[in-house]
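Trainee: coords below, sequence missing:
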């Protein structure tokens, strides 16, 4: 694949905001926290899956988050957001069989709850399970009521 830019060192890379194939953005919220990896942009997701940006609102980043026991969710991910995992599964409290260690009280965080989701039991009462595949923004005119959702 041909290079789009002729780069002449670190100065050009910084000026063009190109830090190679993989880098941590300079404004990442946890770059100064020695307790966390600098790559972390948000906290409290259990298993984010099939994330996407909205083609019309590039700051909107959405991810499906596969639940543990009862709830599947879709979250609108924001820089430095905390989505509550290990204290919350979706909008409800979660009580793990084992403690995860650290500060794990509900009052210690300000969780951001899902924009949508569903309970396993509401979807399939006999089986009791179903996972969410991901989060996408609908951008078709086939169903105008769903546009942007």
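Mentor: Cool, got the structure. Since we're looking at a predicted model, the values are computed, not measured. Numbers count the residues shown, from 1 in each chain.
Trainee: ok, the residue nearest to residue 89 when sequence neighbours are not counted - how many residues close by?
Mentor: Leaving aside its chain neighbours, residue 89 sits nearest to residue 71 (4.8 Å; criterion: Cβ to Cβ, 6 or more residues apart in numbering). Glycine gets a C-beta too; all of them are placed from N, C-alpha and C. When neighbours are counted by other Cβ atoms under 10 Å, residue 71 registers 22.
Trainee: Contacts only, for residue 71.
Mentor: Listed by Cβ atoms under 8 Å, 6 or more residues apart in numbering, the contact partners of residue 71 are 89-92, 117-120.
Trainee: In helices, which of those appear?
Mentor: residue 120 (DSSP state H).
Trainee: Of the contacts of residue 71, which pair is most distant in space?
Mentor: 91 and 120 (14.3 Å; Cβ to Cβ).
Trainee: got the contact list for residue 82?
Mentor: 42-44, 109-112.
Trainee: ok, so of the residues you listed, who is nearest residue 84?
Mentor: For these, the nearest to residue 84 is residue 111 (3.2 Å; Cβ to Cβ).
Trainee: quick one: pLDDT of the spatially closest residue to the closest one that is not a sequence neighbour?
Mentor: Of all residues not flanking residue 111 in the chain, residue 84 sits nearest, at 3.2 Å (Cβ to Cβ, 6+ apart). The model reports residue 84 with a pLDDT of 93.
Trainee: Roughly how far does residue 84 sit from residue 53?
Mentor: 23 Å (Cβ to Cβ, to the nearest Å).
Trainee: neighbour count winner among these two?
Mentor: residue 84 (26 against 13).
Trainee: The more buried one against residue 108, yeah?
Mentor: No. Checked against Cβ atoms under 8 Å, the pair residue 84 and residue 108 is beyond contact range at 10.7 Å.
Trainee: which of the residues in stretch 137-149 are buried?
Mentor: residue 137 (16 or more other Cβ atoms under 10 Å).
Trainee: what sits up against that stretch?
Mentor: Outside stretch 137-149, the residues that reach it (Cβ under 8 Å, 6+ apart) are 52, 54-57, 60, 62.
Trainee: ok so, going back, of residue 91 and residue 120, which one has the most company?
Mentor: More neighbours surround residue 120 than the other of residue 91 and residue 120, with 17 against 12 (other Cβ under 10 Å).
Trainee: ok, back up a step: give the PyMOL command for selecting the buried subset of the contacts of residue 82.
Mentor: Buried residues within the contacts of residue 82, by 16+ other Cβ under 10 Å, are selected in PyMOL with:
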select buried, resi 42+43+44+109+111+112
